[in-house]
Every structure is written in C-alpha cells, then in structure tokens.
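1. Okay, structure incoming, though there's no sequence with it:
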C-alpha cells in the first residue's frame, strides 16, 4: 500500500509517518519543507504545495493508493480571519479530493472532535448526534467532511479527541508545564472527566481503517477507551516525572478566580468542563485503543520531547 501523508512534519505527522513505514506501508511524506523529513526505508519526502491558494498535487499523487490528509490549521497563534480557516481547512481538502478522484482507493481525512461538539458536553458524545461545532475551526472541519463525502471519492473521516504524545502543543503542553513546577497544585478536586487520544492509539486507528473495508465511507470519533479526570491527568504527568502527584483540593470557584487573576478565565470550560467521547463505533470494526490515558501520559512525560518541525 502506497500512501500520501500530508502535513508530515506536524505534531501528528512526525509520529505517524515513521510508524506507518515501520508497519510496512510506503509513505510519501508531504511537507512545506521536505528537507526536514528524515528519509528512510519506505519514506519518500516530497514538497507540499502552498495551501493558501489553488494547489497542484500532481507530483505528490503519482502512484499512491491512499491519502491521509493531516495538513490544516490547528492551535493557530492569535486570531486568524475566518477566510483563512475556510481556505486551508475546507477548500484545500476539496481540491485535493478533486485531483485524486479516480486515482486512489481511499482518502482518510483527519478532522476533529470539534467538528462534532464544543469545549464541553453534559452527555457522552457519539456519532449519532447531530454535529454542533461552536467555532470557526470546527465549522470548517465539518464543511471539509461534507465536501469530501460529496466528492465521489471513497473516504474515511476520523474525528480525534485531543491528541497527546511527545512534542504535544496547546493545552496539554500548558498543563504539562504546570505539572513540572515543584509546588503542590490545586487540582485535586477537578474530577470532571475528559476524553483524550494517545498518539499511539491514533496511529493504530489510521493503520486499521486503511486496511478495513467496513470503514469505507464512514465517520468515526477516535479516543482512548476511557476518559480521565483533570486531576488524573496532572497526577499521571507528575508520576511520569518520577514525582508524587502533590494535588490539593480547592473549590471550583476559587480555581476560577485564580485563573481569572492570570488572565486565563476563558480556559475554564476547557479545564473544568466534562467532555466524554464514546469510541464504540470504531471499536466495533476491530480497532482497539491499546494505550490507557494515564499510562500514555506517564509515557509522554518520560520520553524526550520531539522538536516541532
């Protein structure tokens, strides 16, 4: 099987590309700067076209049977205009699908759980619910899914939870930085549960769907088997550093005031909201998330952090 993986030097791509190659897949790894991709057995670096305008994918698509499309905007520093999200996260997907039509067997789109829901949910999130994204990132991901499904190309859409692993960015990286501080932390009472996704479990999901006929033209939420509390996340991070958790309980309102004093009140829902995902639909096809969240977090903290390419 010959794959084109776009966004090969991003957080997910830098782990996915070598893992797929080790599994025996040929990977054409596309990035804006292919010199930053380590070529090796089954890995062929290639330049990715500029997605800010109409893109020519002809070279990258030559003799590949599958596409895994990772490239897009995520964790963008500062506010970006909506039309930039639309161009990169939606229009570029439709263009790639259009150019690949009739040439490939499957297009795997890395979407996001944010195409399904907002920052928190009072009920467990499943694919049966009508998607209700709450901001431009999720809306453009959902529109990309629609455009792909109407393109006439065979596809699989993956909506991963927040992915963690070496080199992680965003809120998990911020929480890890806090966990590395020497003082006790006031997170012992944060028992709200949130679904995460180990990078290793995501790699397994991608390898599974490209080889499983049942997953053709389907959309799946992807998450570790069980959610984990925020207190559990921080405890696992400190255990991975070889330290005791040192978590103390503080009333939620006090934590909210503390976050406000640091200018982080907007992150309250991300930290204290519940966000549980049920990955049963994908698991029913034979995929199994081997890594449990707490152990995956401990492993992440023990491993050297990969540079973000």
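-> Looks like it came in fine. Fair warning: this is a prediction, and the values are worked out from it, not measured in the lab.

2. backbone phi and psi for the closest residue to residue 207 other than its chain neighbours, please?
-> Residue nearest to residue 207 in three dimensions, not counting chain neighbours: residue 23, with 5.7 Å by Cβ to Cβ, 6 or more residues apart in numbering. For every residue, glycine as well, the C-beta is placed using N, CA and C. Main-chain dihedrals, residue 23, degrees, to the nearest 10: phi -80, psi 0.

3. and what of residue 297?
-> Backbone torsions for residue 297, taken as degrees, to the nearest 10, come to phi -70, psi -40.

4. before we move on, the earlier item: test my guess that the residue nearest to residue 207 contacts residue 210.
-> No: counting by Cβ atoms under 8 Å, residue 23 sits too far from residue 210 to count as a contact (10.2 Å).

5. So between these two, which is more surrounded?
-> Neighbours were counted for residue 23 and for residue 210 using other Cβ atoms under 10 Å; residue 210 has more, 20 against 15.

6. Could you pull up the contacting residues of the more buried one?
-> Residue 210 makes contact with 1, 3, 25, 66, 68, 106, 108, 156 under the criterion Cβ atoms under 8 Å, 6 or more residues apart in numbering.

7. quick one: which two of the residues you listed are the most distant?
-> 25 and 156 (15.3 Å; Cβ to Cβ).

8. State the distance from residue 202 to residue 279.
-> 11 Å (Cβ to Cβ, to the nearest Å).

9. The stretch 151-300 of the chain: helices as residue ranges?
-> 170-179, 199-210, 230-240, 252-261, 268-272, 280-283, 293-302 (DSSP state H, counting those that start in this stretch).

10. looking only at pLDDT, what's the mean for stretch 158-171?
-> Average pLDDT, stretch 158-171: 94.

11. Straight-line length of it, end to end?
-> 21 Å (Cα to Cα, to the nearest Å).

12. Quick check: buried residues in that stretch?
-> Using 16 or more other Cβ atoms under 10 Å as the test for burial, stretch 158-171 gives 158, 159, 160, 161, 162, 163, 164, 165, 166, 167, 168.

13. Pull the number of nearby residues for residue 62.
-> For residue 62, using other Cβ under 10 Å, the count is 12.

14. what does the one 3 residues further on give?
-> Using other Cβ under 10 Å, the number of residues around residue 65 comes to 15.

15. Let me see the confidence value for it.
-> Model confidence at residue 65 (pLDDT) stands at 98.

16. remind me which residues of the stretch 51-200 of the chain are low pLDDT?
-> 75-78 (pLDDT under 70).

17. Model confidence at the residue nearest to residue 38 when sequence neighbours are not counted, what's the number?
-> Counting by Cβ to Cβ, 6+ apart, residue 18 is the residue found nearest to residue 38 once chain neighbours are left out, at 7.6 Å. Note on residue 18: pLDDT of 96.

18. ok, now residue 225?
-> Reported pLDDT for residue 225: 97.

19. The closest residue to it other than its chain neighbours: neighbour count?
-> The shortest distance from residue 225 to any residue other than its chain neighbours is 4.9 Å, reached at residue 289 (Cβ to Cβ, 6+ apart). Per other Cβ under 10 Å, the neighbour tally for residue 289 reads 22.

20. now swap in the one 10 residues further on and tell me
-> A count of nearby residues for residue 299, using other Cβ under 10 Å, gives 18.

21. any idea how far it lies from residue 236?
-> 9 Å.

22. Show me the strands in the chain, by range?
-> Taking DSSP state E to define them, one finds strands in the chain at 2-6, 26-31, 43-47, 66-69, 106-110, 155-160, 162-164, 193-194, 196-198, 218-222, 228-229.

23. Perfect, I'm done here.
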